[in-house]
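Peer 1: Curious how this folds, go ahead:
(chains A and B)
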Amino acid sequence: MASSIALPRVRSEQPLLQLFSVIPGVLLLAAVGYAGKLLEKNVGAQAKSHHWTFPNIEYVLWAILIGLAISNTVGVPEVFRAGVATYEFWLKAGIVLLGARFLLGDVVRLGGVSLGLVALEIAGATAFMLYLGRAFGLRPKLTTLLAVGSAVCGVSAIIATQGAIDADEEDSSFAIAAILALGALSLFTFPLIGHWLHLSDHAYGLWAGLAVDNTAEATAAGALYSDAAGKLAVLAKTTRNAMIGFVVLAYAIYWASQGQARTVKNKAAFLWQKFPKFVLGFLLISVLATYHFFSKDQVTALANLSRWAFLLTFAGVGLRTNFREMRKQGLRPFAVGAIGEVVIAIFTLGLVAGAEKLFGF
Amino acid sequence: MSANTQPLVPRKKVLSVDTWAVIVALIAALLIRAGVVSHVPW
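Peer 2: You can find the predicted model right below:
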């Protein structure tokens, strides 16, 4: 993911140099993540032994908070940036490994429910964001990018769409800033709302996966609620991610018909190029786990490995979020994104409540 | 160099982050399956 907010992608021509360049940042991710894990254990124990009233803060939130503190005070030094930007790699590897915790039947059943809800969410969110962009007088391509970012899957969708519709770097930067800022807010608001509404783990996880835009934030928002909610959030978000190619293709065809983007010649190749490959990896591991390719202990080892990968991701979410940089991007795209996100969150909450009644999960 | 000039060295195809993540995760899964890594603590 090209997080243009705080962490530009660093590419070296030499693969070995490229590998070395990420080591400091990966070590920083590991240190921040592990510090979060230690704080979860020790702060809770200290509070208990001193009879303090202190909320039980999980490692997910600690890792994000430490990352935010570093990014927004001393900043992330240049030497760490390439490695911190690998958090997306760890996120996707973690999702693939998480497939071991899903039996194929669960994926089909819950994924089927998610797919229906995702289709409704994409249609509703896209229509509303397009209306909102027009009402606020945003540039049409910026509106398209915000609509794709809100409806499908955050930053990856914006970047995929930017190339397909020949949008400006500036528009893409605005849309990414809005989506990331709102993603950061959702980390703190979604679990609170979920607890306030007494949502079940399944309902909350599905809601977070449907409403939170960026995959890393959706995974974190789910994990902040509970382990089971985290699993569901990843499944729903992965289903949403799988739709990215179709949505981007639809926009590419629309803008090409307006004479403002290149024509897509090979649609199948376009879809394959935009399809998130980690979805296939997730399904493959799930199939292998379902047919007992892994023993019970091996499934536990894979699940733990997935947790470690997510730990690095959560540290990265904090480290790449810089509120000063976000403020520079202007208020209007953020306002459109914020209004859109609130409406989408309410709409998807309604969808989840309806699905819970219908399917009784 | 004019716009039509072909580069002398063809550009290498670079795998996406997605693909790398899948490859690394599958290798890790196979190592666990083969017993090379038997226990991952949490």
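Peer 1: only C-alpha atoms for contact and neighbour calcs from this point on.
Peer 2: Noted.
Peer 1: mind showing which ranges of the chain have poor pLDDT?
Peer 2: All of this refers to chain A. Residue ranges of chain A with pLDDT under 70: A:1-13, A:53-56, A:329-330, A:361.
Peer 1: that answer is for a different chain, and I need it for chain B
Peer 2: B:1-13.
Peer 1: near chain A, which residues of it show up?
Peer 2: B:17-22, B:24-26, B:29, B:32-33, B:38-42 (Cα under 8 Å from any Cα of the partner chain).
Peer 1: Among the residues you listed, which lie within helices?
Peer 2: B:17-22, B:24-26, B:29, B:32-33 (DSSP state H).
Peer 1: Residue nearest the middle of chain A, spatially speaking?
Peer 2: The centre of chain A sits closest to A:Thr215, judged by Cα atoms, centre = their mean, with a distance of 1.4 Å.
Peer 1: so how far is A:Leu27 from that one?
Peer 2: 22 Å (Cα to Cα, to the nearest Å).
Peer 1: Show me what whichever strand or helix holds A:Leu210 is packed against.
Peer 2: When elements are assigned from DSSP states H and E, A:Leu210 belongs to helix A:201-211. With contacts taken as 3 or more Cα pairs under 8 Å, 6 or more residues apart in numbering or on different chains; DSSP states H and E, helix A:201-211 sits against helix A:104-135, helix A:215-225, helix A:227-242, helix A:332-359.
Peer 1: by contact count, what packs against the first one?
Peer 2: The one in question is helix A:104-135. helix A:140-148, helix A:201-211, helix A:227-242, helix A:277-290, helix A:332-359.
Peer 1: tell me the contacts of the residue nearest to A:Val79 when sequence neighbours are not counted?
Peer 2: Using Cα to Cα, 6 or more residues apart in numbering or on different chains and skipping the chain neighbours, the partner closest in space to A:Val79 is A:Pro24 (6.8 Å). If you count contacts by Cα atoms under 8 Å, 6 or more residues apart in numbering or on different chains, A:Pro24 has them with A:79-80, A:83.
Peer 1: list the buried ones in the helix or strand harbouring A:Pro24?
Peer 2: Assigned by DSSP H and E, A:Pro24 belongs to helix A:15-49. Using 16 or more other Cα atoms under 10 Å in any protein chain shown as the test for burial, helix A:15-49 gives A:21-26, A:28-30, A:32-37, A:39-40, A:44.
Peer 1: what does stretch A:209-228 give?
Peer 2: Result for stretch A:209-228 [16+ other Cα under 10 Å]: buried residues A:209-226.
Peer 1: The helix holding A:Leu210 versus helix A:227-242: what angle between them?
Peer 2: Here helix A:201-211 runs at an angle of 30 degrees relative to helix A:227-242 (axes from the mean of the first three to the mean of the last three Cα atoms, to 10 degrees).
Peer 1: Mind listing residues that contact helix A:201-211?
Peer 2: For helix A:201-211, using Cα under 8 Å, 6+ apart, the contacting residues are A:114, A:117-118, A:121, A:190, A:194, A:218-219, A:221-222, A:225-226, A:228-237, A:240, A:341, A:344-345, A:348-349, A:352-353, A:356, A:361.
Peer 1: so how far is it from its chain's centroid?
Peer 2: Computed by Cα atoms, centre = their mean, to the nearest Å, the chain-centroid distance of helix A:201-211 equals 13 Å.
Peer 1: now the angle from it to helix A:215-225?
Peer 2: 160 degrees.
Peer 1: what angle separates helix A:201-211 from helix A:332-359?
Peer 2: Using the same axes, to 10 degrees: helix A:201-211 against helix A:332-359 is 140 degrees.
Peer 1: what residues does the stretch 1-150 of chain A put near chain B?
Peer 2: Counting by Cα under 8 Å from any Cα, the stretch 1-150 of chain A sits next to chain B at A:88-90, A:92-94, A:96-97.
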